[in-house]
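J.: Sequence first, then the predicted structure:
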There are 2 protein chains.
Amino acid sequence: MSKFMNYAIQLAQMVDGQTGVNPPVGSVVVKDGRIVGIGAHLRKGDKHAEVQALDMAQSEAKGATIYVSLEPCTHHGSTPPCVDKIIEAGIQKVIYAVKDTTLISKGDDILKNAGIEVEFQYNAVAAQLYQDFFTAKRNGIPELTVKVSASLDGKQATDDGESKWITNKDVKKDVYQLRHSHDAVLTGRKTIEADDPLYTTRIADGKHPIRVILSKSGKLDFGQQLFHDNASPIWIYTENKNLTVDNSNVTIIYMEQCEIKSILKDLYHKGIGKLLVEAGPEITSEFLQSDHLDHLVLYFAPKIIGGSGKNQFFQTDQIISLPDTTQFEIVNSTLIHQNIKLVLRKK
Amino acid sequence: MSKFMNYAIQLAQMVDGQTGVNPPVGSVVVKDGRIVGIGAHLRKGDKHAEVQALDMAQSEAKGATIYVSLEPCTHHGSTPPCVDKIIEAGIQKVIYAVKDTTLISKGDDILKNAGIEVEFQYNAVAAQLYQDFFTAKRNGIPELTVKVSASLDGKQATDDGESKWITNKDVKKDVYQLRHSHDAVLTGRKTIEADDPLYTTRIADGKHPIRVILSKSGKLDFGQQLFHDNASPIWIYTENKNLTVDNSNVTIIYMEQCEIKSILKDLYHKGIGKLLVEAGPEITSEFLQSDHLDHLVLYFAPKIIGGSGKNQFFQTDQIISLPDTTQFEIVNSTLIHQNIKLVLRKK
């Protein structure tokens, strides 16, 4: 494993969650054992990582090696193809960590045909970084993560709805990081009513996600605090044709049927590459049943709540036979000051 | 931390779960830098650890140091007090790791008065080993552990009762270890009906726990396989006066009211020092609400089952307000081949 490739991947990780429907990519240009350029794709529409790094390297790029976390692109999107820029700059060798399966023509081949040495150097961390991106791009649907805070017996609240606080303050901080790395957070009317939450990222220089509210009825109380900070735009999906609001920060999106898949497609179309769902049992259960679910991030508090089976975070109308239940791979399990964080990937 | 004390504690851990209402204790006698005797309390009624170790040391005990995981006893129980034996043997120094708060006269003081040097060397591992033993002895109630295998949404079965297998085979092996380290396993009629389980320890040379069945109605099917292996005795607690069975391995214990506390007291009286509850949602919930609960061992399979809130492992008639819910300390969290094991201690 090359340390320069690790740097390229670290750069990609730094911009994870701020590139919308584009992948987070990092790049490093190296000449005579010295870094002469670094770059990362900062935002959809901006320069790609390779271009950033080559611009920094200037004439030093001639005869240099470029490390990229993802195979260089070949298409004219909002910017010209990276392969052209790499060829023009006189790069001698390209090393990349993940093959871009969404490219129509292969960056690898084009570069080789231009006489550049190309090496595919597989990297598991980078592969994990992009695995959901490819599916998302192919389906035109955001990478979907559902976050749940629950007691050990799977409850988001007591039977009568008490839910503040199930998990601890350190979990809350971890959730800020989670929000920071997503383009948008989706919730429902009931959660807003119960908790009056902001869904912002309270970390220094953190990025606030766009706040998406799913409310079929549209019976929202626009007096709540969420509607009065302007931290980030608010988008409301509703089946209520007559819903209006006198607030320039709020956009109402009417749909005849607010189905999960239609909402996901519309969000992707609007530039949301990564969506985090933070909602109550009803909406949580709907998204957990979606074919498009990628990850479940589960925070357990070490307590048991009991009651009669209300407010369990996962509820379905049908009884699903054990072999047909949704199975996950445990990506990692960590302790956050006596709360348990599980990152799970749907199998 | 002395390595000899660590050995004494390791010896205690080896016999944990086979000493009934007595504590697991280990002991090492050391002279001139060499171990001259080792001992452990193997079973209630047998020699104590110190006596074992001194018997092995014979005349070498004179002028030696003895390490004991727990403060030496001072009472005439089924065996004479260990302090007498230590004094007789001519031991020069006694080092112990945990003070026995259940002793009426202090072993420490008696030994000092006999001119022996005594050192209390606190050890956290040993303290943890005995913390529940003291409470159990004071209350005359077994150390109580509830084991639950569940999905991430807290279900022991689907709404229609399908439960084989929620967790994986490696969890099953871990449960064998758990059974091995308990004197008895308690379950209910419904679990026996649904799963036809044996509750034995399928590990090489493992110890089978006594199998305790709680069945108020006594409507048991004595044709089930549990009643036909003789791995260990079966005790049935019932409110059914007329229940009889023609099976010498089965003892029926009638109680007018099969309350948890009465059962626990009776089990302790019968020599059960450590009880493991492995049952369905009803009995599991009853024991989880008991004041005498010490530990919860929770195995999560990385799946979500859903349904309408049936067969959640913890259910209560009353709604408990969040601040009053049962809280746990996470003792440890481990991954067992993609299943999660949480060992929790009630706060």
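T.: Arrived safely. Every value quoted in this text rests on a predicted model; they were computed, and no experiment measured them.
J.: what's the distance between the closest residue to chain B within chain A and B:Gln315?
T.: Of the residues in chain A, the one nearest chain B is A:Gly309, at a distance of 2.2 Å by Cβ to the nearest Cβ. The C-beta positions use only the backbone N, C-alpha and C, and glycine is treated the same way. Relative to B:Gln315, A:Gly309 is positioned 7 Å away (criterion: Cβ to Cβ, to the nearest Å).
J.: got a list of what the residue of chain A closest to chain B touches?
T.: If a contact means Cβ atoms under 8 Å, 6 or more residues apart in numbering or on different chains, then A:Gly309 has B:Ser308, B:Gly309, B:Lys310, B:Gln312, B:Gln315 as its contacts.
J.: How about the secondary structure of it?
T.: Three-state secondary structure (criterion: DSSP: H, G, I helix; E, B strand; the rest coil) places A:Gly309 in coil.
J.: Equivalent analysis for A:Thr145, please.
T.: For A:Thr145, the assignment made with three-state DSSP gives strand.
J.: Give the buried residues for the helix or strand A:Arg179 falls within.
T.: A:Arg179 is located in helix A:169-180, with elements delineated by DSSP states H and E. When neighbours are counted by 16 or more other Cβ atoms under 10 Å in any protein chain shown, the buried residues of helix A:169-180 are found to be A:Val171, A:Asp174, A:Val175, A:Tyr176, A:Leu178, A:Arg179, A:His180.
J.: and A:Leu298, how many neighbours?
T.: Using other Cβ atoms under 10 Å in any protein chain shown as the criterion, A:Leu298 is surrounded by 25 other residues.
J.: If I look at it, what pLDDT would I see?
T.: According to the model's per-residue confidence, A:Leu298 sits at a pLDDT of 98.
J.: One more: A:Met1?
T.: A:Met1 is given a pLDDT of 55.
J.: any idea how far A:Lys93 lies from A:Gly37?
T.: When distances are taken as Cβ to Cβ, A:Lys93 and A:Gly37 turn out to be 14 Å apart.
J.: Show me which of the two is the more surrounded one.
T.: A:Gly37 (22 against 15).
J.: Buried residues, whichever strand or helix holds that one. List them.
T.: Of the helices and strands defined by DSSP H and E, A:Gly37 is found in strand A:34-40. Going by neighbour count (16+ other Cβ under 10 Å), the buried part of strand A:34-40 is A:Ile35, A:Val36, A:Gly37, A:Ile38, A:Gly39, A:Ala40.
J.: Can you tell me which residues in the stretch 201-347 of chain A are near chain B?
T.: Of all the residues in the stretch 201-347 of chain A, those in contact range of chain B (Cβ under 8 Å from any Cβ of the partner chain) are A:285, A:288-289, A:296, A:298, A:302-310, A:312-317, A:319-322, A:325-330, A:333, A:335, A:338, A:340, A:342, A:344.
J.: 6 Å - rerun?
T.: Selection of the stretch 201-347 of chain A residues close to chain B by Cβ under 6 Å from any Cβ of the partner chain yields A:302-307, A:309, A:312-316, A:319-320, A:322, A:325-328, A:330, A:333, A:335, A:338, A:340, A:344.
J.: just the buried members of the residues you listed?
T.: Among these, those that count as buried by neighbour count (16+ other Cβ under 10 Å) are A:302-307, A:309, A:312-316, A:319-320, A:322, A:325-326, A:328, A:330, A:333, A:338, A:340, A:344.
J.: Return the closest of the contacts of A:Gly309 with respect to chain A.
T.: Minimum distance to chain A across the contacts of A:Gly309 is 2.2 Å, recorded for B:Gly309 (Cβ to the nearest Cβ).
J.: so what's the closest one scoring on pLDDT?
T.: According to the prediction, B:Gly309 has pLDDT 93.
J.: thought A:Gly307 was touching A:Gly161?
T.: No. The criterion here is Cβ atoms under 6 Å, and A:Gly307 misses it with A:Gly161 at 10.8 Å.
J.: which residues touch the strand holding A:Gly37?
T.: Contacts to strand A:34-40, defined as Cβ atoms under 6 Å, 6 or more residues apart in numbering or on different chains, come from residues A:Leu11, A:Val15, A:Gly26, A:Ser27, A:Val28, A:Val29, A:Ala49, A:Gln52, A:Ala53, A:Met56, A:Ala57, A:Glu60.
J.: Could I get the phi/psi values of the fourth one?
T.: Just to be clear, that refers to A:Ser27. A:Ser27 adopts backbone torsions of phi -150, psi 150, taken as degrees, to the nearest 10.
J.: re the thing from before, how about the helix holding A:Arg179 and chain B, touching?
T.: No. No part of helix A:169-180 sits near chain B under the criterion Cβ under 6 Å from any Cβ; the closest distance found is 13.2 Å.
J.: Convert the C-alpha atoms of that helix to CSV, please.
T.: Provided in CSV are the C-alpha atoms of helix A:169-180 (Å, rounded to 0.1, in the frame of the first residue of the first chain):
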residue,chain,number,x,y,z
LYS,A,169,-25.0,13.6,24.8
ASP,A,170,-22.0,12.0,23.2
VAL,A,171,-24.2,10.1,20.8
LYS,A,172,-25.7,13.5,19.9
LYS,A,173,-22.3,14.7,19.0
ASP,A,174,-21.7,11.7,16.9
VAL,A,175,-25.0,12.3,15.1
TYR,A,176,-23.7,15.8,14.3
GLN,A,177,-20.9,14.2,12.4
LEU,A,178,-23.4,12.0,10.6
ARG,A,179,-25.5,15.0,9.6
HIS,A,180,-22.4,16.8,8.4
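J.: elements contacting that helix?
T.: Packed against helix A:169-180 by the contact rule (3 or more Cβ pairs under 6 Å, 6 or more residues apart in numbering or on different chains; DSSP states H and E) you find strand A:326-336.
J.: Where does the prediction get shaky in chain A?
T.: Residue ranges of chain A with pLDDT under 70: A:1.
J.: where's the most centrally placed residue in it relative to B:Val98, distance?
T.: What sits nearest the mean C-alpha location of chain A, by Cα atoms, centre = their mean, is A:Lys274, with 3.0 Å. Distance of A:Lys274 to B:Val98, computed by Cβ to Cβ: 52 Å.
J.: Helix, strand or coil: sort out A:Ile86 for me.
T.: In terms of secondary structure, A:Ile86 is helix; the call rests on three-state DSSP.
J.: now swap in A:Lys47 and tell me
T.: The assignment at A:Lys47 comes out as coil when based on three-state DSSP.
J.: what's the angle between the longest helix seen in chain A and strand A:326-336?
T.: Counting by DSSP state H, the longest helix found in chain A is helix A:124-139. What separates the directions of helix A:124-139 and strand A:326-336 is an angle of 140 degrees, with axes from the mean of the first three to the mean of the last three Cα atoms, to 10 degrees.
J.: List the contacts of helix A:124-139.
T.: Counting contacts by Cβ under 6 Å, 6+ apart, the residues outside helix A:124-139 that touch it are A:Ile9, A:Pro23, A:Ser69, A:Ala97, A:Val98, A:Thr101, A:Thr102, A:Pro142, A:Glu143, A:Asp294.
J.: is it fair to say the fifth one lies in a helix?
T.: No. When the secondary structure is assigned by three-state DSSP, A:Val98 falls in coil instead of a helix.
J.: For it, give me its contacts.
T.: Applying Cβ under 6 Å, 6+ apart, we find A:Val98 in contact with A:Leu70, A:Ala126, A:Ala127, A:Tyr130.
J.: Good, we can wrap up now.
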